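Enquirer: This is a predicted model, with the sequence first.
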Amino acid sequence: MTIAFRPATELAGMISRREIGAVELLELYLGRIDALDTTINSVIWQDREGALESARAADSRTIEGGDLPPLHGVPMTIKESFDVAGAPTTWGDPAFRNNIAKDDCVAVERLKRAGATLFGKTNVPLNLADWQSFNDIYGITSNPWDTGRTPGGSSGGSAAALAAGLTGIETGSDIGASIRNPAHYCGVFGHKPSFGICPPRGQALPGILTGADMAVIGPLARSASDLELALKVMAGPDILDAAGWRLELPAPRTRNLGELRIAVMLESGLSEVDDAYLVMLQDLVDGIARKGATVSDTARPDTDMHEAHEIYIQLLRAATSARMPQAKLEEFQTARARLDPGDASYFALMARGNTMTHREWLALNERREHIRWAWHRFFENWDVLLSPVAASTAFLHDHAGERHDRTITVNGHEVPTTDQMFWAGFGLMALLPGTVAPAGISRGGLPGGIQVTGPWLGDLTTIEVAGMIEREFGGFEPPPDFSSSGT
């Protein structure tokens, strides 16, 4: 595999051993962006001079010798929604076109201290609210495997840049699979951490300090080892908490694939999965079973998945309603007043979530806590649960109208795009970690990922299982149209 597609851990090692210079590696990625990014539009802002200065400093530090940070000299980009001093943070909203961050967010501070050379930002959908990545400021980002298709969202630029070999490592955010579905669609790795372990301060629009319910930040990469390294860099208490607590994530119970206890949920009754994707996942699960792992396709937490899904959608829409204009909120209030009490459609759940009272939120939160304890009891007997990430591999661009009115093709017929929010939310609503690892290439020639859900604070377990899958069955593969271009 060419240098541009190597994991960040390998790139840092090459720089430390003086097999390549930090400036040389940065210029390699900048050259690839100039030559290739016009076809996918993933990197939408760059600071080349500042990055070259940082890379020169990294090369000087290499020559000086001594201990070097874990991401020493590795060029990286980051999702547009993260504050980087001197860069725009717009969330794709023209109203914030001139919002230039004064300071780095917490995650950027930590990644820079770990040695990363941050040189650019990657595209997002408006308000980070789509499984596509397009907006009126930066335009449309496409999937490097098929430019007629979405790279995912809202961290779609992040995953597309990684898959195309335009950056060394990336970071995104997730409240509705915004790390996980781009990783799946683009064939890279992504990790949605346990809620609260990575401080989100500075991944926000102006004036916002409070993190949203369920929302997390986390890494995307081309290997599981990169996910683990980046998570350890990003995780841990923010300044207000650091005086009183520290984070010590438990180690995986085993690092032997044959000793794993794996539950599998490839179908749900709530979101139909396309056969081309389902076959890929079943082949992987069968391979894991042949390696000796204990595998069950019936083991489930003692909870109603329909109930969990309805709670998730309402809590999700409540969490994102803070950004809703007053006029739009009033529209939903009017719509809610007309709903049949038994209506459990996505629109009805969205309307209730957008307009709920605090008392209603507290009642849903109480129901969520019971579900969290059901998951806790489940993971006393099972290491992880494997599932799809979405209903299909990457779908065709469709930017017309409202997201909740759009459809995608699954098994030859149209289904609402929002059905697949089930796969996004069944673990996230319980605040659990989820890692996506590449599972192979479908018969349609598109990559697909498998989702590894684990116990609360079991982040190192889900990443380790992703690493086992990578080692035993293969991991990241470069898109054909980008693998033969340059170094």
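Expert: That came through, no problem.

Enquirer: quick one: the most centrally placed residue in the chain from residue 200, how far?
Expert: The residue lying closest to the centre of the chain (CA atoms, centre = their mean) is residue 179, at 1.0 Å. Using CB to CB, to the nearest Å, one gets 13 Å for the distance from residue 179 to residue 200. Where you see a C-beta, it was placed from the backbone N, CA and C, and this is true even at glycine.

Enquirer: who touches both of those two?
Expert: The contact sets of residue 179 and residue 200 overlap at residue 173 (CB atoms under 8 Å, 6 or more residues apart in numbering).

Enquirer: So the residue nearest to the centre of the chain sits against residue 218, correct?
Expert: Yes. In this structure residue 179 lies within contact range of residue 218 using CB atoms under 8 Å: 5.4 Å.

Enquirer: if I look at those two, which residues touch both of them?
Expert: In contact with both residue 179 and residue 218: 172, 173, 190, 191, 192, using CB under 8 Å, 6+ apart.

Enquirer: out of those residues, what pair is the most spread apart?
Expert: Greatest spatial distance among the shared contacts of residue 179 and residue 218 (CB to CB): 173 and 191, at 11.8 Å.

Enquirer: mind showing which ranges of the stretch 201-350 of the chain have poor pLDDT?
Expert: Counting by pLDDT under 70, the stretch 201-350 of the chain contains no low-confidence range.

Enquirer: mind listing the strands for it?
Expert: For the stretch 201-350 of the chain, the strands defined by DSSP state E, counting those that start in this stretch cover 216-221, 261-264, 294-296.

Enquirer: Select, out of those, the one closest to residue 315.
Expert: Closest to residue 315 of these, according to CB to CB: strand 216-221, at 14.0 Å.

Enquirer: just how off-centre is the closest one within its chain?
Expert: 5 Å (CA atoms, centre = their mean, to the nearest Å).

Enquirer: ok, now stretch 455-473?
Expert: 15 Å.

Enquirer: CA-only coordinates of that stretch in PDB, if you can.
Expert: What follows is stretch 455-473, C-alpha atoms only, in PDB (Å, rounded to 0.1, in the frame of the first residue of the first chain):
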ATOM      1  CA  PRO A 455     -20.600  -2.000  27.200                       C
ATOM      2  CA  TRP A 456     -20.600   1.400  28.700                       C
ATOM      3  CA  LEU A 457     -16.900   2.500  28.800                       C
ATOM      4  CA  GLY A 458     -16.000  -0.600  26.900                       C
ATOM      5  CA  ASP A 459     -14.400   1.500  24.100                       C
ATOM      6  CA  LEU A 460     -11.100  -0.400  24.100                       C
ATOM      7  CA  THR A 461     -13.100  -3.600  23.700                       C
ATOM      8  CA  THR A 462     -15.000  -2.500  20.600                       C
ATOM      9  CA  ILE A 463     -11.800  -1.100  19.000                       C
ATOM     10  CA  GLU A 464      -9.900  -4.300  19.800                       C
ATOM     11  CA  VAL A 465     -12.700  -6.400  18.200                       C
ATOM     12  CA  ALA A 466     -12.500  -4.100  15.100                       C
ATOM     13  CA  GLY A 467      -8.700  -4.700  15.200                       C
ATOM     14  CA  MET A 468      -9.200  -8.500  15.300                       C
ATOM     15  CA  ILE A 469     -11.500  -8.300  12.300                       C
ATOM     16  CA  GLU A 470      -8.900  -6.200  10.500                       C
ATOM     17  CA  ARG A 471      -6.100  -8.700  11.300                       C
ATOM     18  CA  GLU A 472      -8.100 -11.800  10.400                       C
ATOM     19  CA  PHE A 473     -10.200 -10.700   7.500                       C
END
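
Enquirer: For residue 245, give its distance to residue 197.
Expert: Using CB to CB, residue 245 is found at 11 Å from residue 197.

Enquirer: if you count what's nearby, which of those two comes out ahead?
Expert: With neighbours defined as other CB atoms under 10 Å, residue 245 and residue 197 compare such that residue 197 has more, 19 against 9.

Enquirer: residues in contact with that one?
Expert: Contacts of residue 197 (CB under 8 Å, 6+ apart): 216, 235, 236, 247, 249, 457, 459.

Enquirer: among those, who's most crowded?
Expert: In terms of neighbours by other CB under 10 Å, the contacts of residue 197 top out with residue 459 at 30 neighbours.

Enquirer: Neighbours of residue 248, how many?
Expert: 8.

Enquirer: State the distance from it to residue 280.
Expert: 36 Å.

Enquirer: repeat for residue 350
Expert: Distance from residue 350 to residue 280, by CB to CB: 31 Å.

Enquirer: Check residue 451 too.
Expert: For residue 451 relative to residue 280 (CB to CB), the value is 13 Å.

Enquirer: between those two, who's got more neighbours?
Expert: The residue with more neighbours, out of residue 451 and residue 280, is residue 451; 31 against 24, by other CB under 10 Å.

Enquirer: Could you point out the longest helix of this structure?
Expert: Selection of the longest helix in the chain by residue count, based on DSSP state H, yields helix 358-378.

Enquirer: Following that helix in sequence, what is the next regular element?
Expert: Next helix or strand after helix 358-378 toward the C-terminus (DSSP states H and E): strand 384-387.

Enquirer: How far off centre is the helix or strand following that following strand?
Expert: Per DSSP H and E, the first helix or strand lying C-terminal to strand 384-387 is strand 407-410. For strand 407-410, the separation from the chain centroid amounts to 22 Å (computed by CA atoms, centre = their mean).

Enquirer: Ok, stretch 326-341 next?
Expert: From the chain centre to the centre of stretch 326-341 is a distance of 31 Å (CA atoms, centre = their mean).

Enquirer: Also stretch 62-69?
Expert: 32 Å.

Enquirer: Outside of it itself, list whatever touches it.
Expert: So stretch 62-69 is contacted by 12, 15, 16, 18, 21, 22, 61, 72, 73, 113, 114, 115 (CB under 8 Å, 6+ apart).

Enquirer: In helices, which of those residues fall?
Expert: 12, 15, 16, 22, 61, 113.

Enquirer: what about residue 97, neighbour count?
Expert: If we define neighbours as other CB under 10 Å, then residue 97 has 12 of them.

Enquirer: cool, and residue 164?
Expert: Applying other CB under 10 Å, we find 29 residues neighbouring residue 164.

Enquirer: wait, doesn't it sit right on residue 36?
Expert: Yes. Using CB under 8 Å, residue 164 makes contact with residue 36 at a distance of 6.1 Å.

Enquirer: what do those two both touch?
Expert: Taking CB under 8 Å, 6+ apart as the criterion, residue 164 and residue 36 both touch residue 482.

Enquirer: Could you find the closest non-adjacent residue to residue 223?
Expert: residue 7 (3.7 Å; CB to CB, 6 or more residues apart in numbering).

Enquirer: hmm, back to that, out of the strands of the stretch 201-350 of the chain, deepest packed?
Expert: strand 216-221 (a mean of 29; mean count of other CB atoms under 10 Å).

Enquirer: Just give the strands next to that one in its sheet, each with its orientation.
Expert: strand 170-174 (antiparallel), strand 189-192 (antiparallel) (DSSP bridges).

Enquirer: give me the number of residues near the residue lying closest to residue 127 once chain neighbours are set aside?
Expert: Counting by CB to CB, 6+ apart, residue 127 lies nearest to residue 91, which is 5.4 Å off, once chain neighbours are set aside. By other CB under 10 Å, 24 other residues sit near residue 91.

Enquirer: what's the spacing between residue 91 and residue 281?
Expert: From residue 91 over to residue 281 (counting by CB to CB), the distance is 33 Å.
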